Each structure stands twice: as C-alpha cells, then as structure tokens.
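Peer 1: Here is my input; please provide its structure:
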Amino acid sequence: GERLYAGPPTPGRDLRVATSHPDYTTDDQKRALLGLRTEGVAPRPCGSAGLEYLAVARGESDATAFSWEAAWDHAAGLLLVEEAGGAHLTLTGEPFRITGGNALPFTAARDAATARRVAALLASAG
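Peer 2: As a prediction, the model looks like this:
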C-alpha cells in the first residue's frame, strides 16, 4: 500500500549496477559493459531481472545494464522503475522499446541523471 520512490543515489558512493551475464552478451555488448569498470561505479553480475528491477525501484541498487530484449523479462520491471521515479535508456539515449529493435545494452536506473550517466558510460566503451 505504499508508493515506491527510489530517489537519486547517495552522493559520494559508487554506483551499484547489476550487469548482464557475459554468456548472454555479444562481443560488442561486452565491450560496452566494460565502460562500467571505471572509478565511481561498482558493477556486479545480475541475478533475476525481476528482482534487480525491484532493487532499483526500492533504491537498494542504482541501476541495471541488460543486453537482451525479451519483453517478458523487462516490461513489468521497467514499469515498476518508472513508477518509482526512475528512467531507462538504450545505448543511443532513447528509452527502451518493449517491441524490440533497441541499441543494447540498455540501462534502467533509479533516476534520470543516473540513467544518462550509465548510458553514456556504456556508449563510450561500445
């Protein structure tokens, strides 16, 4: 019965980002994900996509970086993150489209500024 609000990440703390498992990524996507291996970011392998989205919506995690488009893995989670004040962007800076054709990997983050930062890091390395 309570509305979720993720809010911005804690200033001065590394961004906590759950990333796609390497077995589910192309070589180009792996290069893009390497952009998250930088100062100020703490990437880790993702678990269940649904639980990762919930962690972002609750503010327990700062962002995700996923490299697959299966709508059944993302539709509900992206809605949950949006409803909690978050945002999602693809490598080209466009919102993720459930219908496919996205530039991957993409991010879902607890606020728009974090989504832009993660997407820029992905794009700079890809």
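Peer 1: Okay, strands next: where are they in the chain?
Peer 2: 15-19, 41-45, 63-66, 87-89, 106-109 (DSSP state E).
Peer 1: Direction included, what does the shortest one pair against?
Peer 2: By that I understand strand 87-89. strand 106-109 (antiparallel) (DSSP bridges).
Peer 1: what sits up against the strand it pairs with?
Peer 2: By CB atoms under 8 Å, 6 or more residues apart in numbering, the residues outside strand 106-109 that reach it are 17, 53, 56, 62-66, 77-78, 81, 86-91, 96, 115, 117-119, 122. From N, CA and C alone the C-beta is placed, and that goes for glycine too.
Peer 1: quick one, what contacts Tyr24?
Peer 2: 67-68.
Peer 1: returning to what we had before: would a markdown table of the strands of the chain with mean neighbour count and mean pLDDT be doable?
Peer 2: As requested, these are arranged in a markdown table below (neighbours: other CB atoms under 10 Å; pLDDT from 0 to 100):
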| stretch | mean neighbour count | mean pLDDT |
| --- | --- | --- |
| strand 15-19 | 23 | 96 |
| strand 41-45 | 14 | 95 |
| strand 63-66 | 29 | 97 |
| strand 87-89 | 24 | 98 |
| strand 106-109 | 29 | 98 |
